[in-house]
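J.: Coordinates for the following, if possible.
(one chain, ligands or ions: 1)
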Amino acid sequence: MLKEIEKNVKGCQKCRLYKTALNPVPGEGSKFPKIVFVGEAPGKYEDESGRPFVGRAGKFLDTLLGKIGYKREEVWIGNVIKHRPPENRDPLPDEIAACKEYLTLQLQILSPTLIVTLGRFAMNYFYPEGKISRDRGRLIRAGGYNIFPIYHPAAGLRNPRMLEALEEDFMRIPAVLKKINQGDFERDSEVKEDDKSADGQLHLL
Ligand code: URA
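T.: Below is the predicted model of the structure:
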């Protein structure tokens with residue numbers, strides 16, 4: 001079924017991006033991942049290779065994964081947008097809408113315990129009201145998933161303040177996973193149910 005989605009992504013012409021991209025980047029990794037990482041869109045190297053996060057930000061993601069004891073093959077890595085936007089511009093709302101069903105279907109099949117979103121576009125995919133500077137490093141229950149938004153590795157490489165926050169949040173991923181596995185979050189969510197944030201989402205951490 002994942003293969004079927006990949007096939008559809010490869011032939012996708014639902015928005016303009018296929019015209020300028022070299023290769024689609026469906027996503028890759030474990031078929032039974034506990035953790036899924038979702039980025040924004042392929043960049044130059046991803047476009048050339050058809051693989052997610054293989055450029056500078058990707059190497060940094062691999063390093064961060066190593067620090068928490070994971071190999072890239074043990075998680076699944078993908079993007080909101082499957083074709084590279086020209087000149088790495090931000091994806092447009094109609095492109096995000098056109099691409100939406102691919103990631104939705106992939107996640108239904110992968111059924112991860114935790115989705116770590118990298119940057120604001122990935123966070124807003126699950127949680128449109130989210131603000132990355134406010135919500136990064138908080139476990140959020142949205143769209144039926146446990147979402148842990150963090151800064152994008154590329155932002156961390158550009159900005160030392162974001163780098164510090166990104167590393168700090170990333171190192172907490174194993175503890176967040178443990179908390180979910182222990183079912184602590186259910187107790188937490190009961191507590192927080194009373195004082196749901198103004199945005200109506202459950203913030204679990
Ligand atoms: N940035 C992303 O958001 N995704 C990639 O695959 C590479 C860089």
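J.: any idea of the mean pLDDT in whatever helix or strand residue 146 lives in?
T.: Assessed by DSSP states H and E, residue 146 sits inside strand 145-150. Here strand 145-150 scores 98 as its mean pLDDT.
J.: How about it and the ligand, touching?
T.: No - Strand 145-150 stays clear of the ligand (CB under 6 Å from any ligand atom), getting no nearer than 12.4 Å. Bear in mind the C-beta positions are built from the backbone N, C-alpha and C, glycine included.
J.: residue contacts, the residue of the chain found nearest the ligand?
T.: Minimum separation of the chain from the ligand (CB to the nearest ligand atom) falls at residue 39, amounting to 2.9 Å. With contact taken as CB atoms under 8 Å, 6 or more residues apart in numbering, residue 39 is in contact with 52-53, 57, 77-80, 118-119, 122, 152.
J.: do residue 32 as well
T.: Residue 32 neighbours (CB under 8 Å, 6+ apart): residue 110.
J.: May I ask you to confirm that residue 77 belongs to a strand?
T.: Yes - when classified by DSSP: H, G, I helix; E, B strand; the rest coil, residue 77 is found to be part of a strand.
J.: Packing partners of the longest helix that the chain contains?
T.: Using DSSP state H, we find that the single longest helix of the chain is helix 93-110. Counting contacts by 3 or more CB pairs under 8 Å, 6 or more residues apart in numbering; DSSP states H and E, helix 93-110 packs against helix 2-10, strand 35-39, strand 76-79, helix 120-126.
J.: in stretch 6-16, what counts as buried?
T.: 6, 8-9, 12, 14-15 (16 or more other CB atoms under 10 Å).
J.: Quick check: end-to-end length of that stretch?
T.: Stretch 6-16 has an end-to-end distance of 18 Å (CA to CA, to the nearest Å).
J.: So is it next to the ligand?
T.: No - taking CB under 6 Å from any ligand atom as the criterion, stretch 6-16 and the ligand are apart, separated by no less than 13.4 Å.
J.: as a whole number, average confidence for that stretch?
T.: When pLDDT is averaged over stretch 6-16, the result is 98.
J.: Then stretch 69-79?
T.: 98.
J.: Closest to the centroid, which residue in this structure?
T.: The structure's the chain has its C-alpha centroid closest to residue 38; by CA atoms, centre = their mean the separation is 1.8 Å.
J.: what's around the closest residue to that one other than its chain neighbours, how many residues?
T.: Nearest non-adjacent residue to residue 38, counting by CB to CB, 6 or more residues apart in numbering: residue 122, 4.3 Å away. Using other CB atoms under 10 Å as the criterion, residue 122 is surrounded by 28 other residues.
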